[in-house]
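>>> this is a predicted model, with the sequence first.
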Amino acid sequence: MTKEAVTIIDHRTGESYDIDLVDGALPAIALRQIKTPEDDFGLMTYDPAFTNTASCRSTITYIDGDKGILEYRGYPIDVLAEKSSFLEVVHLLLHGELPGEDELSQLASVVGENMAVDESMKKFIGGFLSDAHPMGMLISSLACLSTYYPDAKNVDDPQNRLSQIHRLISKVPTLSAYAFRRNAGLSCLDPEPGLGFAANFLRMVFADDDGSYAPDPVLERAMDVLFILHADHEQNCSTSAMRGVGSSYSDPYSSLAAAAAALYGPRHGGANEAVLRMLDEIGPKDNIPAFIDEVKDGKRRLMGFGHRVYKNYDPRAKIIKKLAYEVFEVQGMNPLLDIALELEKIALEDDYFVSRKLYPNVDFYSGLIYQSMGFPTPMFPVLFAIGRTSGWLSQWNEFFDDEDQRIARPRQLYQGSPTRSYEK
C-alpha cells in the first residue's frame with residue numbers, strides 16, 4: 001500500500017523531509033521542522049483569504065465546486081429541497097440524520113415554544129431609528145440576547161449547547177420579523193406556536209396589526225425551500241467567523257452576532273441585493289448588449305454570476321430558478337425576470353463568460369423571489385441569516401467535539417520596521 005506522504009526538499013539547506021498527510025492534506029504544523037538556521041521559527045504557509053487551507057475537519061457539508069455538487073450530511077441539495085422541510089434539514093445538520101416523525105414533532109414543538117422573545121426585546125427593537133438597516137438591528141439584537149441567557153456561557157455542556165441552539169433557531173426569525181416591522185412602522189406580533197416555521201415567520205412579517213394573515217401554501221413552501229438552500233455552505237466567511245469567535249468559548253449568541261456581521265457585507269449576504277440593483281440599472285432589454293460590452297471591458301461587474309467555490313452551475317441556482325416561477329404564478333411576474341433570463345442566456349453561451357466559468361449562483365434569482373414576495377432589498381441578508389443560523393450553530397457545535405481545535409490564532413508575515421532605537 002502506498003504511503004500517504006510527501007517529500008519536501010529544502011534547497012536552502014539540502015535537507016529532505018518526509019511528511020505524512022492527514023486525510024489527504026498537508027498538516028501545516030509539520031512545516032515547522034523545516035528551519036534555517038536551527039533557531040529559526042520554522043517554515044510557515046502564506047495563504048491570504050485561506051484559499052487553499054483547511055481549518056477543520058467537518059462532517060456537515062460537502063461541496064465539489066467543479067462538478068456543481070452540494071450535499072448536507074451526504075444528501076444532495078436538490079433532493080432535500082424537494083422532499084424535506086426546513087426543520088427536517090435543521091435536525092439533519094445538527095444530528096447527522098433525518099428525523100423520524102417523533103423527533104420532527106418534538107423539534108417543531110421546541111421551536112414553536114421558544115419563538116417568543118421577552119417584551120423588553122420588543123422595546124429594544126423599537127429603540128432603533130425607523131430607517132435603521134434590518135441587518136444591523138438583527139446583529140445588535142443577537143448580541144443583546146446573550147445577556148438574557150447567562151447559562152449559555154457553559155459551552156462545555158453538550159445538552160446546554162443544544163438548548164441554546166434551539167433558542168437561537170427559534171428566535172432569529174422572530175427578531176428578523178420585528179426588524180422588518182420596525183422599518184414598516186408596524187407593531188410586533190407574537191408568534192403562534194402551532195404554525196410551521198416559515199408560516200410563523202411570514203405571519204409575523206406581513207400580518208395586519210390585529211394579527212390577521214392570509215396564508216399561501218406556495219409562498220410558505222418557497223420560503224421554507226429558500227431557508228433550506230441557505231442553511232449551510234461549508235467554511236465560508238460567516239461560518240469561519242462563527243467558528244473563530246466560538247473558539248474563544250464565547251457564548252453562541254455573541255458568536256452568532258459575529259457570523260451575522262460577516263454575512264452583512266455585500267460580498268457575502270448582500271450579493272442578491274446587488275443583483276437587483278444591477279438589473280434596475282440595465283433598464284430595458286435593449287440595453288443588455290451595451291452592458292455586456294462594459295462587463296467585458298472591465299467597466300461593470302456581472303452580479304450573481306461566478307462563485308468562489310463553484311466552477312460550474314451553482315446547484316442552488318437551478319432550484320431557485322424553478323422556485324421563482326412558482327412564486328410568480330401567485331404574486332405576478334417580476335418585470336426584471338426578462339432581463340435576468342437574457343443575461344443568463346448570454347452568459348451560458350458567450351465564450352467570454354463560459355471560459356471564465358461564470359455561471360449563475362444562488363444570488364441571481366433569490367432576490368427576484370424575495371422582491372416578489374414583498375420584502376425590501378435591505379431584508380435580503382436577514383432572510384439569508386434565518387436559514388444560515390442552523391448551519392452556523394451546527395458548525396459551532398461540531399467545533400467542541402473536535403479534539404484538534406484550539407482558539408483561532410493565525411500567523412502573519414511581518415513586513416514592518418526592524419527594531420530601532422527611540423529618539424526624540
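Received the coordinates, thanks.

>>> pretty sure residue 36 contacts residue 13?
Yes: using Cβ atoms under 8 Å, residue 36 is in contact with residue 13, at 5.1 Å. C-beta: built from backbone N, CA, C; applies to glycine.

>>> per-domain residue ranges of the protein.
5-50, 81-402 (automatic domain parsing).

>>> save these as JSON lines, and put in mean neighbour count too.
Formatted as JSON lines, the domains of the chain follow (neighbours: other Cβ atoms under 10 Å):
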{"stretch": "domain 5-50", "mean neighbour count": "11"}
{"stretch": "domain 81-402", "mean neighbour count": "19"}
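
>>> how about the contacts made by residue 330?
The contact partners of residue 330, by Cβ atoms under 8 Å, 6 or more residues apart in numbering, come to 216, 218, 219.

>>> now, which of these sits nearest residue 45?
residue 219 (47.7 Å; Cβ to Cβ).

>>> now do the helix or strand that closest one falls within: distance to the chain's middle.
Residue 219 belongs to helix 217-229 when assigned by DSSP states H and E. Offset of helix 217-229 from its chain centre (Cα atoms, centre = their mean, to the nearest Å): 16 Å.

>>> for it, packing partners?
helix 77-83, helix 86-95, helix 197-206, helix 315-331, helix 363-373, helix 380-399 (3 or more Cβ pairs under 8 Å, 6 or more residues apart in numbering; DSSP states H and E).

>>> now for the ones you listed, which one comes closest to residue 245?
That would be helix 380-399 among the helices and strands packed on helix 217-229, by Cβ to Cβ, at 8.9 Å.

>>> okay, the angle between the closest one and helix 197-206?
140 degrees (axes from the mean of the first three to the mean of the last three Cα atoms, to 10 degrees).

>>> per-residue confidence averaged over helix 380-399?
Across helix 380-399, the average pLDDT comes to 97.

>>> who are the packing partners of it?
helix 86-95, helix 134-145, helix 158-184, helix 217-229, helix 237-246, helix 252-263, helix 271-282, helix 363-373.

>>> mean pLDDT and distance to residue 422 for those helices - can I get that in CSV?
Formatted as CSV, the helices and strands packed on helix 380-399 follow (pLDDT from 0 to 100; distance: least, Cβ to Cβ, whole Å):
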stretch, mean pLDDT, distance to residue 422
helix 86-95, 98, 54
helix 134-145, 97, 40
helix 158-184, 98, 49
helix 217-229, 96, 57
helix 237-246, 96, 35
helix 252-263, 97, 37
helix 271-282, 85, 48
helix 363-373, 88, 52
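
>>> got those as JSON lines, with distance to residue 40 columns?
As requested, the helices and strands packed on helix 380-399 are exported to JSON lines (distance: least, Cβ to Cβ, whole Å):
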{"stretch": "helix 86-95", "distance to residue 40": "43"}
{"stretch": "helix 134-145", "distance to residue 40": "42"}
{"stretch": "helix 158-184", "distance to residue 40": "41"}
{"stretch": "helix 217-229", "distance to residue 40": "48"}
{"stretch": "helix 237-246", "distance to residue 40": "28"}
{"stretch": "helix 252-263", "distance to residue 40": "35"}
{"stretch": "helix 271-282", "distance to residue 40": "43"}
{"stretch": "helix 363-373", "distance to residue 40": "45"}
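
>>> hmm, back to that, residues in contact with the helix holding residue 219?
77, 80-81, 84-86, 89, 196-199, 201-202, 316, 319-320, 323, 326-327, 329-331, 362, 366, 369, 373, 383, 386-387.

>>> appreciated, that's everything.
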